[in-house]
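Student: next one to model:
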Amino acid sequence: MLKTSEMRRQLFHASVGILILFLIKYGILNPARIFIILIFGIILSIVAKRIKIPVIHWFLLKFERKEELKRFPGRGVIYFFAGTLLVLMLFPADIAYASIMILALGDSISHIAGIRIGKFKHPFSKVKLIEGTLVGTLFAFIGAMFFVSPLEALLASVGAMTAEVVEFRMNEQTVDDNLIVPLVAGTIIFLVRTYVMPLF
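Tutor: Numbers count the residues shown, from 1 in each chain. As a prediction, the model looks like this:
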């Protein structure tokens, strides 16, 4: 049951990510609107801790981890929007799009592959599996290539999916990988484009 619910959650994560990217690319969503959605989502999360909001509560039961229902309902989606907003503000559009795609596909597929075929523990994590990281990196690479060069897509995918495995902590709190993954991906592409590509 746990594996089924986690796979459902990750498929939802990937679908929402691709939908968000589509809406951004075609001008339906922009940073200002994403910021408004983010604020509204945080308010809904606070209310949802105390009140079972119709429809929202159903989605939370279907797609949220049980431990987050009482602590931070909707955490994954909220942090996805936050990570998306950050890369849109920090990087050119194509880098931001590739970073969002790496988050949407790489992060989700790595969890699904880990559940389905994972056998070997990752040396950088107590819970992640090597097979999940490898498959997630492959899908992230393919998705990112729609927006940036193959070299940029490859290095960003490898770097971001490696960062996804490592647990970053700030003030004794784990930093959500929906923030880490797109920021690492965008930073790598920016550095490669600025300092490596001019050499060729």
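
Student: okay, which residue is most central for this protein?
Tutor: Among the residues of the chain, the one closest to the centroid is residue 103, at 3.4 Å (C-alpha atoms, centre = their mean).

Student: where along this protein do the strands fall?
Tutor: 169-170, 173-174 (DSSP state E).

Student: can you tell me the closest non-neighbouring residue to residue 175?
Tutor: Of all residues not flanking residue 175 in the chain, residue 168 sits nearest, at 4.2 Å (C-beta to C-beta, 6 or more residues apart in numbering). Where C-beta positions appear, they are placed from N, C-alpha and C, glycine not excepted.

Student: ok, the one you found - contacts?
Tutor: 174-175, 180 (C-beta atoms under 8 Å, 6 or more residues apart in numbering).

Student: what about the spatially closest residue to residue 81 that is not a sequence neighbour, distance to residue 182?
Tutor: Counting by C-beta to C-beta, 6+ apart, residue 38 is the residue found nearest to residue 81 once chain neighbours are left out, at 4.7 Å. Here residue 38 is placed at a distance of 14 Å from residue 182 (C-beta to C-beta, to the nearest Å).

Student: for the nearest residue to residue 57 once chain neighbours are set aside, give me its contacts.
Tutor: Nearest residue to residue 57 in three dimensions, chain neighbours excluded: residue 48, at 6.8 Å (C-beta to C-beta, 6+ apart). The contact partners of residue 48, by C-beta under 8 Å, 6+ apart, come to 56-57, 60, 73-74.

Student: so for these, which is the shakiest by pLDDT?
Tutor: The lowest pLDDT within these belongs to residue 57, with 74.

Student: what average pLDDT does the biggest helix by length in the chain get?
Tutor: Longest helix of the chain, by residue count under DSSP state H: helix 2-25. For helix 2-25, mean pLDDT is 85.

Student: counting by contacts, list what that helix packs against.
Tutor: Applying 3 or more C-beta pairs under 8 Å, 6 or more residues apart in numbering; DSSP states H and E, one finds that helix 2-25 contacts helix 56-63, helix 75-90, helix 93-101, helix 108-117.

Student: would you mind finding the most buried of those helices?
Tutor: Comparing these by mean neighbour count (mean count of other C-beta atoms under 10 Å), helix 93-101 ranks first with a mean of 25.

Student: got the angle between that helix and helix 2-25?
Tutor: Orientation check (axes from the mean of the first three to the mean of the last three C-alpha atoms, to 10 degrees): helix 93-101 against helix 2-25 gives 160 degrees.

Student: tell me what helix 93-101 is packed against?
Tutor: Judged by 3+ C-beta pairs under 8 Å, 6+ apart, helix 93-101 is in contact with helix 2-25, helix 75-90, helix 130-144, helix 150-165, helix 177-191.

Student: now the second one, how far from the centre of its chain.
Tutor: Mean-position distance between helix 75-90 and its chain equals 8 Å (C-alpha atoms, centre = their mean, to the nearest Å).

Student: I appreciate the help and will end here.
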